[in-house]
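Trainee: task: produce atomic coordinates for the following.
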Amino acid sequence: MKTTYDTTIKLTGNDTAEALCEAAARLAPQIGGKSYDVRLEIKDCTAPVHRDELKHSIASRIFEELRKAGYRPDPDYAAPELVVAIELMGEKAGIHLVKSRIVY
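Mentor: Predicted coordinates for the structure are as follows:
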């Protein structure tokens, strides 16, 4: 898998979900009309987060940003072209946009 975007954000206070949604939403132009999935991994996160709710919030924000930009969002959980991979570690989060589909 090839990473096409990497960023790290510092998580502060109770705005973890909003900060992650905002950062992930900035990926919409790079996702464009491609199929995508959001994957979330939490390791020793100091912020109070509920994994499933957070993943849903991030995925919903990306979906809405794609629609606003005129794209037809194409979430694909089985074989996406791109993966928005988010790792929460301590007070930081890494956000990566990764090409995931193998083309034969």
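Trainee: what's the longest helix in this structure?
Mentor: Among the segments of the chain that qualify as a helix by DSSP state H, the longest is helix 51-68.
Trainee: show me what that helix packs onto, helices and strands only.
Mentor: In terms of contacts (3 or more C-beta pairs under 8 Å, 6 or more residues apart in numbering; DSSP states H and E), helix 51-68 is packed against helix 16-25, helix 28-31, strand 35-43, strand 82-89. No exception for glycine: its C-beta is placed from N, CA and C like everyone else's.
Trainee: let me know which of these is tucked in deepest.
Mentor: Greatest average neighbour count among the helices and strands packed on helix 51-68 goes to strand 82-89 (a mean of 20), per mean count of other C-beta atoms under 10 Å.
Trainee: between helix 16-25 and that strand, find me the angle.
Mentor: Orientation note: strand 82-89 sits at an angle of 150 degrees relative to helix 16-25 (axes from the mean of the first three to the mean of the last three C-alpha atoms, to 10 degrees).
Trainee: can you give the strand pairings for the helix or strand following strand 82-89, parallel or anti for each?
Mentor: Downstream of strand 82-89, the next assigned helix or strand under DSSP states H and E is strand 92-99. Strand 92-99 has its sheet partners listed here by DSSP bridges as strand 2-10 (antiparallel), strand 82-89 (antiparallel).
Trainee: that older thread, tell me which helix or strand comes right after the longest helix of the chain.
Mentor: Assigned by DSSP H and E, the successor of helix 51-68 is strand 74-75.
Trainee: ok, and what's touching that next one?
Mentor: By C-beta atoms under 8 Å, 6 or more residues apart in numbering, the residues outside strand 74-75 that reach it are Gly33, Lys34, Ser35, Tyr36, Asp37, Ala59, Phe63.
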